[in-house]
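Peer 1: attaching a predicted model along with its sequence, questions to come.
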Amino acid sequence: MADDASWFGVPTPRIDGVAKVTGAARYGSDEPIAHPAFAYLVTSSISRGRIADMKLERAREVPGVLDILHHGNVGSQAKPPPSMTGDKATNTLETDRIEHDGQIIAVVVAETFEAAREAAHKVQVDYAVELPSASFDSSGVTAEPKKQKENPKVGDAASALAGAEVKIDAHYSTPTQHHNPIELFTTTCIWDGPKLTIYEPSQFMWGLKAAVAKQLDMDPANIRTVSRFVGGAFGSRGGTTSRTAWIAIAARRLGRPVKLVATRSQGFTIATYRAETRQHVQLAASRDGKLVALSHEGWEVTSRPSGYNVGGVDTTARMYACPNIATAVNVVHADRNTPGFMRAPAETPYMFALESGMDELAYALNMDPVALRLVNDTQTDPVSGLPFSSRSLTACYDQAAERFGWSRRDHKPGSMRDGDWLIGWGCATACYPTNIAPCAIRLSVTPDGRATVQMAAHEIGTGAYTTIGLTVARALGLKLNDVVVMLGDSDLPPVPVAGGSNNTASTLNVAAKACEQVRDRLAAAAVADHESVFTGADPKGLRLSDGMLVGDNRHEPLAKALGRVTGGALEIHAENVPEGLPPTAIGSLYKGTATMLRGGSRKDVTTYAFGAHFVEVRVNSRTREIRTPRVVSAFAAGNIVNPTTAHSQFMGGVIWGLSSALHEATEVDPKTARYVNNNLADYMVPVNADVPEIDIIMVPEKDERVNPLGVKGIGEIGIVGMNAAVANAVFHATGKRVRDLPIRIEKLI
Amino acid sequence: MRPFAYETAADVASASRFGREAGQGQTDAPTQFLAGGTTLIDLMKLDVLRPQRLVDINPLVARHSEIEVGPDGLRIGALAKMSAVAAHPEVLATYPALAQSLQLAASPQLRNMATLGGNVLQRTRCTYYRDPSWTACNKRQPGSGCAALEGVNRNHAVLGVDENCIAQYPGDLGVALIALGAEVELGGAAGARRIPFAELHRPAGKPHVETTLKSGELITAFRVPAGPWTRRSLYLKVRDRASYEFAIASAAVALDMDGEVVRQARIGLGGLAYRPWRAEAAEASLKGKPLTEETAEAAAREALSGAITHGHNAYKPELGRRTMVRALLAAKTMEA
């Protein structure tokens, strides 16, 4: 591998930036389609019961209506989509049962979107309503402990808690939240004989293809999924939702392409969400602040059939050196749609509880909250005893605290004030496991000094086109402009789900491997050629740089080196299975299953990225509005491939963390188990005026054990812990500890 | 959205003829006037409003959007855009509460579209009203009940509500207008008339009839009388976000002071009430007294004494009191 200092770290604008801001970038529903029909979903207005009768006459009378799909006419033609976690999905048209609010119960297809919508509004449904259970406190919910995997346990937490000098014992809760990507949930299906093409925003194109094949009993080779650009995903597009198969069936019935753009409100119920949690945290320490016990138990809501949960105790148990750890996770089944991955699914809610608890412990110890984190920092995973491949938490705290001016903080709550505004400063730890998965790529190099990369990778806003292009350009000694990057098409080699912040590590390591194979071929041919300047040289000493094959004080143009191997294009198909995964993992990827090597499940090291957030809040002394004028966050996450897009990811995470702390909550009507604020007018997210000065520090970190390129995923870490930092700052400002998110005015009155 | 007929009106008389056959004050009147469209079109897309005919009154803009400031007060045409009034130098200088109520509302894009006449008739943001899949809503379907009473009602009103409807009047401008004692000029088939703004919105009772407008009647202008209190006036809007959110509590305050002593206080409350709300008892309690923390709190207690809460909005009376006190004390420090 070349010296990575020259590979990474140069701020580079997105190569797809111009296309995005000029509208040239094609998102799923932008694909030009000849003569499409338009679909509109009819969704249930009850959460539990069955459809007694569906009257379609008035809908059919709307001019332009072509077809109405429902349980009675197509219900048996598709199976529910397989879930990524192996749990049973909730139903849609397969049955007349209603299992949650907003369940898809019919699909109206018409000549225009407007006709389809009008007809959908005229479908009359009579329900046999049953009393639904909305959430934790509703009657009729069923609770069960999480069964799938062992929860971390070390030593004897109960005894250690009982005998501890200083302890805290607190309950926290986090609300329902929805991803709300700005690109709506869209699907366009086109048949050409037995072949089906699906245009749909996706975080896992090969997974979508495999899932729809199973649902429709098709050969996956006959399905192509295309998703060149995705307008935000955040986990909502990792799994396959029910809508896709029904649109495919609608297009098949009609013999014509069908396009669906579901509404913003429908997005709340036809895809997944972050479920509400309740958590119980107990921490105990000796007087010097060293943790002696940590106990963390969570409860999470899910649907009736699914056991989906995020179980964030895997992460919280690894945060700090602690000899006694007990954890547990429980699920509570209610009449709700099935939750799913949402940016840092486990860490966002669970680190809120742990990092709030750490702040409470700091006050119980009368100790600076930063000092408490530092005294408990460790290079050893407290659960497994393995070393962290790298862990720069202390460096993050040091640099961010310095920039923030933390040393000027008066520890006493309510002690800082500016006129009518109470000032609070808070901090918290950020973290995210570093995951990597098998990945494949096709790379071709031509004598004109250009390279083309093709892989079914996902541009979900993170800057994937650019990071992949940069990696190939640097490894092959080319200019970024000379690398063509083609992503977002399942006809290209498979890439794992863009989730768990694995995609940068997965795609770049396989890209580097493919480039190394190009170099190998060129170097071997060069040293074997008796007329070459490299005759007899050590092939390992040759590298590609500035359009040349270089080594041993000699060089020749790439075109010449390539000419020895082929007169045309040199094409490499490469696959990478990260060390620690079975070789079969690559075969599973081709079948649409992404096997991830997770930061907490490796046998050699534990791999995580860490960070530290500092935030200032201002709370009006009378009316209690909460404003956040500034944030400083530092992250250490291995080699930063492109600081320009990395900054954007970190900053976006911080903003979402503020949102998680102060704004976001999906309200569930307690009687009907229906979502109430299912639109962007009532579902609060920060507007520009709420977004403060955000100072991002990227702490240099070299990690040779995490993966060959030393990169850690950064798509999710920015949000983690930010909610706790804000809550801790609110406590510092007001003396009031809010343990239930979001923190709104009424909780401070 | 359902099919509808579209007409344009050349003047008030023709607009009025189109609208005269149906109850203009009713939320579901079959003929609706279209001005900026920022509420109406949304509600049509949501299938909440299903008018058979839209009468576009934008052609009236040339004659009904003037902003006139004179010694007797302010007169603003009903089709003036929110953004134009908010940026008007004399409104800013002499009627700051009015200008602020517009500046703090909605977003720049919406303020560029929305008119003052449409703004004061803006429909509630009650989520149970805005989604017809909720069957219980007396405002949409008289007699069907109110899902908000036992539902998610954090944003709902606590003043002027009854068991039929606890929807909040969402506007900001209306709060300033009621505090400043504005009047509304109306045009219609039966001729022009003028009413106090305080009489435009009906009290609770029949939630599906929101205003006292007669069939075919249009708002043509607003008049805000001059007074010694208008310069010392402000609009305080309390909300979770720093911008682009409806008030959870707001207060428009205008003060006529003699040194420390209140000659006259005028107080409107928003985000708390079923309709634009004037806190007359609170005004009376301040009259002739020095304005202090104590007298302001006493007035605020008076203003919120009739509050009725329904669970999630139990914080609102206290927030309303604090908002009013903060607004009064801030207005006191202004230069008259």
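Peer 2: Now that the structure is in, tell me what you want to look at. None of the values given here were measured: they were computed from a predicted structure. Residues are numbered from 1 along each chain as shown, chains lettered A, B, ... in the order given.

Peer 1: what about A:W299, which SS state?
Peer 2: Secondary structure assignment for A:W299 (DSSP: H, G, I helix; E, B strand; the rest coil): strand.

Peer 1: quick check: it touching A:A328?
Peer 2: No: look at A:W299 against A:A328 with Cβ atoms under 8 Å: they stay out of range, at 9.3 Å. Placement of C-beta: from N, CA and C, glycine included.

Peer 1: the more surrounded of those two?
Peer 2: A:W299 (21 against 17; other Cβ atoms under 10 Å in any protein chain shown).

Peer 1: what residues does that one make contact with?
Peer 2: Applying Cβ atoms under 8 Å, 6 or more residues apart in numbering or on different chains, one finds that A:W299 lies in contact with A:F136, A:A143, A:T277, A:R278, A:Q279, A:V329, A:N330, A:V331, A:V332.

Peer 1: my read: A:K712 touches A:R705, true?
Peer 2: No: counting by Cβ under 8 Å, A:R705 is not a contact partner of A:K712; they are 11.3 Å apart.

Peer 1: please, a ChimeraX command that selects the buried ones among the contacts of A:W299?
Peer 2: Only the buried members of the contacts of A:W299 end up in this ChimeraX selection, burial being decided by 16 or more other Cβ atoms under 10 Å in any protein chain shown:
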select /A:136,277,278,279,329,331,332
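
Peer 1: all strands for the stretch 1-150 of chain A, in order.
Peer 2: With strands called from DSSP state E, counting those that start in this stretch, the stretch 1-150 of chain A shows them at A:37-43, A:49-55, A:65-70, A:97-98, A:104-110, A:124-129, A:142-145.

Peer 1: from the chain's centroid, how far away is the fourth one?
Peer 2: Going back to what we said before, that points to strand A:97-98. 30 Å (Cα atoms, centre = their mean, to the nearest Å).

Peer 1: and the contacts of it?
Peer 2: A:S44, A:I46, A:S47, A:R48, A:G49, A:R50, A:I51, A:N91, A:I105, A:Y127.

Peer 1: tell me the bridge partners for the fifth one.
Peer 2: Partner residues in beta bridges with A:G49: A:I98, A:V129, with DSSP bridges as the criterion.

Peer 1: does it touch A:Y127 like I think?
Peer 2: Yes: the pair A:G49 and A:Y127 passes the contact test of Cβ under 8 Å, sitting 5.1 Å apart.

Peer 1: what's the closest non-adjacent residue to whichever residue of the stretch 151-300 of chain A sits closest to chain B?
Peer 2: The stretch 151-300 of chain A approaches chain B most closely through A:S265 (7.4 Å), counting by Cβ to the nearest Cβ. Using Cβ to Cβ, 6 or more residues apart in numbering or on different chains and skipping residues adjacent in sequence, the residue nearest A:S265 is A:N678, 4.3 Å away.

Peer 1: can you name the residues of the stretch 351-500 of chain A that neighbour chain B?
Peer 2: A:D420 (Cβ under 8 Å from any Cβ of the partner chain).

Peer 1: any chance you could map the helices in the stretch 351-500 of chain A?
Peer 2: A:369-375, A:393-404, A:464-476 (DSSP state H, counting those that start in this stretch).

Peer 1: from the chain's centroid, how far away is the second one?
Peer 2: Spelled out, that is helix A:393-404. With Cα atoms, centre = their mean, you get 26 Å for helix A:393-404.

Peer 1: who are the packing partners of it?
Peer 2: Under the contact criterion of 3 or more Cβ pairs under 8 Å, 6 or more residues apart in numbering or on different chains; DSSP states H and E, helix A:393-404 touches helix A:369-375, strand A:421-433, strand A:608-620, strand A:626-636, strand A:693-698.

Peer 1: need the overlap of contacts for A:K712 and A:R705.
Peer 2: A:T607.

Peer 1: who's more crowded, the two?
Peer 2: The neighbour count for A:K712 versus A:R705, taken as other Cβ under 10 Å, is higher for A:K712 (31 against 13).

Peer 1: how near is the more buried one to chain B?
Peer 2: 33 Å (Cβ to the nearest Cβ, to the nearest Å).

Peer 1: same list (the strands of the stretch 1-150 of chain A) but as TSV, adding mean pLDDT.
Peer 2: Below are these laid out as TSV (pLDDT from 0 to 100):
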stretch	mean pLDDT
strand A:37-43	98
strand A:49-55	98
strand A:65-70	98
strand A:97-98	98
strand A:104-110	98
strand A:124-129	98
strand A:142-145	91
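
Peer 1: close to chain B, is stretch A:720-734?
Peer 2: No: Stretch A:720-734 is not in contact with chain B by Cβ under 8 Å from any Cβ; minimum separation 13.0 Å.

Peer 1: farthest pair within the contacts of strand A:97-98?
Peer 2: Across those, no pair lies farther apart than A:N91 and A:Y127, at 14.7 Å, counting by Cβ to Cβ.

Peer 1: next secondary structure element downstream of the helix or strand where A:A250 lies?
Peer 2: Counting by DSSP states H and E, the element that carries A:A250 is helix A:243-254. Remark: after helix A:243-254, the chain's next helix or strand is strand A:258-261, criterion DSSP H and E.
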